[in-house]
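J.: The sequence and its predicted three-dimensional model are supplied below.
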Amino acid sequence: MIEALGFQFFQNALIVAILASIAAGVIGTYIVVKRMSLISGSIAHTAFGGLGIGYFLNVNPLIGGVLFSLLSAVSIALLRKNAKNRLDTLLSFLWATGMAIGLVFIFLTPGYTTDLFTYLFGNILLVSSFDLYMILFLDIVILAMVYLMYNSFLAVTFDEEYSETRNMPVTLVNIILFALIALTIVATIRVVGIVLMIAILTIPAATAQIFHKTVKKIMITSSLITLFASISGLIISYYLNFATGPIIVLIISAVYLCGIFLSRLSVS
Amino acid sequence: MERKEIIKIDKVTFSYGKEEFLKDITLSIYEDDFLGIIGPNGGGKTTLLKMILGLLEPQRGKVSVFGISPKKARHEIGYLSQFKNIDFDFPVTAHEIVLLSRVGDKLIKRYSKADKESVKKSMKELGIWDLRDKKLNELSGGEKQRVFVARALANEPQVLILDEPMSNLDIHIQEEFYRILKDLNKKIAIVIVDHDLEMVSKYAKEIVCVNKCNTHALRYHDADSLKMKEMCHD
């Protein structure tokens, strides 16, 4: 363990794990309380289109990911109300189209496609310093916005119609919230990848929700659970020489099952 | 003294798609009103309320609230939506819900001392201050209702609009709730949609029957005479 900390790549991985966990815990809370996991899944898979294009153009794929996920987040926020019962069609469209675009561009790129797997399933041990600074920047944006807009987010996620009768710009609030989901997704791609993303965005918050009654407390506990899972997952992966994503998700799921077990125990 | 007209609905028609939902509705609501709105399911009661709140725009005719457009007059209105729109499992305490009324239209909002005082006052008035730290789904039906009334009142509105707040509540809680409303009516106007004619006619001063099929003119009854004649039972 001590010797691992001496490596630059391991230090980077550790810092990214911490940053991503905090973002995922905080934003994941909104996803769970407002039941937006399908929306988040859709944004995540659309991001893959941007990753593929970035990879093809030889710029940092995360930049492409930011652009694509923001684009899909804003379109969902704008079209959501008009789409009504067609929302799932819109989400599936973005989901699959984004994936397809990403795959096409990755296959068009000459060379070996191992990187494909790290974006799909995550490998935190491969983060570059550029990734780290970018994720740090995303984290600052996400936390600052949540700190400033905590009350308007709460108002709109809890009761959109009422907020509208108070003249709150509900669509704008949703655009900002969905954009923050998009940024969180990009910040966590390196950790768990696109396919396993939904786990880190929802399961820790769902676990925390069993024990807490306010959004703020759920955010804190959910971040701590994610932090525990990603750091222990990182260490296990390092020694087993295994991709971090699946290990982290398995730890998150185990914590969730323990949470349910404990809550049943305290009820009976 | 002349009663001040606060809400005016003038020859309003509203349709969803091709179907005319409300046709040529004309109705005035006054400052001291306690108005019950009844009518069959899907008869347009909620649609009417949503037009008063500026959530829906009529295709023809005009709605004005305090002489201005509904959207601009929203700060004068306290609103209780149908409970079916609320997610009761949402992790939020009674206190937080009432505080949310003070967020208003601000994207960045810190609660001031005045906000907290006003929230405390309206929660105390409704006897729910001691329940402030309870989570929404830990409250009983009647307690939930009072939390939402407190939220609607924390802005000190001049009219309180309630959309079927009584569904799934037992009769004693309904009675108690109507007494609260009656008390509030000393200061502000109350407009309530309720499917229980007997209950609403016992407390409301006047009753309006809204039914999309025969809405060329709204029938405006005196609540007592309505009760005696037992009309509108279908």
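T.: Happy to help now that I have it.
J.: Neighbours of the residue nearest to A:D159 when sequence neighbours are not counted, how many?
T.: Across the structure, with C-beta to C-beta, 6 or more residues apart in numbering or on different chains as the measure, the residue nearest A:D159 apart from its sequence neighbours is B:I86 (6.6 Å). (Each C-beta comes from the backbone N, C-alpha and C, glycine too.) Per other C-beta atoms under 10 Å in any protein chain shown, the neighbour tally for B:I86 reads 18.
J.: Next: B:R179.
T.: Other residues close to B:R179 by other C-beta under 10 Å number 11.
J.: any weak-confidence spans in chain B?
T.: Using pLDDT under 70 as the threshold, the predicted model of chain B has low-confidence ranges B:1, B:212-234.
J.: need the helices for it, in chain order.
T.: B:45-52, B:94-100, B:113-125, B:141-153, B:171-184, B:197-203, B:223-229 (DSSP state H).
J.: And for chain A?
T.: Counting by DSSP H, chain A has helices at residues A:2-5, A:8-33, A:37-57, A:61-83, A:87-108, A:114-121, A:129-158, A:160-165, A:170-211, A:215-240, A:244-267.
J.: ok, now which ones touch the residue nearest to A:L87 when sequence neighbours are not counted?
T.: Residue nearest to A:L87 in three dimensions, not counting chain neighbours: A:R80, with 6.1 Å by C-beta to C-beta, 6+ apart. A:R80 makes contacts with A:L87, A:L90, A:N174, as judged by C-beta atoms under 8 Å, 6 or more residues apart in numbering or on different chains.
J.: Out of these, which is nearest to chain B?
T.: Closest approach between the contacts of A:R80 and chain B, by C-beta to the nearest C-beta: A:N174, at 11.8 Å.
J.: wait, doesn't the closest one sit right on A:V156?
T.: Yes: A contact is recorded between A:N174 and A:V156 when judged using C-beta atoms under 8 Å, the distance being 6.6 Å.
J.: wait, isn't B:A189 in contact with B:I52?
T.: No: counting by C-beta under 8 Å, B:I52 is not a contact partner of B:A189; they are 11.3 Å apart.
J.: What residues does chain B have near chain A?
T.: When proximity is defined as C-beta under 8 Å from any C-beta of the partner chain, chain B approaches chain A at B:53-55, B:71, B:74-75, B:77, B:79, B:81, B:85-87, B:90-93, B:96-97, B:99-101, B:103-111, B:135, B:138, B:151, B:155.
J.: Return the subset of those residues lying in strands.
T.: B:I77, B:Y79 (DSSP state E).
J.: now the residues of chain B next to chain A: which count as buried?
T.: B:53-55, B:74-75, B:77, B:79, B:81, B:86, B:90-93, B:96-97, B:99-101, B:103-107, B:109, B:135, B:151, B:155 (16 or more other C-beta atoms under 10 Å in any protein chain shown).
J.: rewinding a little: out of the helices of chain B, which gets nearest to A:A179?
T.: helix B:94-100 (22.2 Å; C-beta to C-beta).
J.: what packs against that closest one?
T.: When contacts are defined as 3 or more C-beta pairs under 8 Å, 6 or more residues apart in numbering or on different chains; DSSP states H and E, helix B:94-100 packs onto helix A:129-158, helix B:113-125, helix B:141-153.
J.: residues contacting A:K81?
T.: A:K81 is in contact with A:T171, counting by C-beta under 8 Å, 6+ apart.
J.: Report the separation between it and B:N137.
T.: Using C-beta to C-beta, to the nearest Å, one obtains 27 Å as the distance from A:K81 to B:N137.
J.: Chain A against chain B: which residues are in contact?
T.: Within chain A, the positions lying close to chain B (C-beta under 8 Å from any C-beta) are A:33, A:35, A:148-149, A:151-152, A:154-155, A:157-159, A:161-169, A:172-173, A:176, A:209, A:212-215, A:218.
J.: nearest residue to A:V32 other than its sequence neighbours?
T.: With C-beta to C-beta, 6+ apart as the criterion, A:V32 has its nearest non-adjacent residue at 4.0 Å, and that residue is A:A205.
J.: ok so, going back, wait, the residue nearest to A:D159 touches A:E161, no?
T.: No: counting by C-beta under 8 Å, no contact exists between B:I86 and A:E161, whose distance comes to 9.4 Å.
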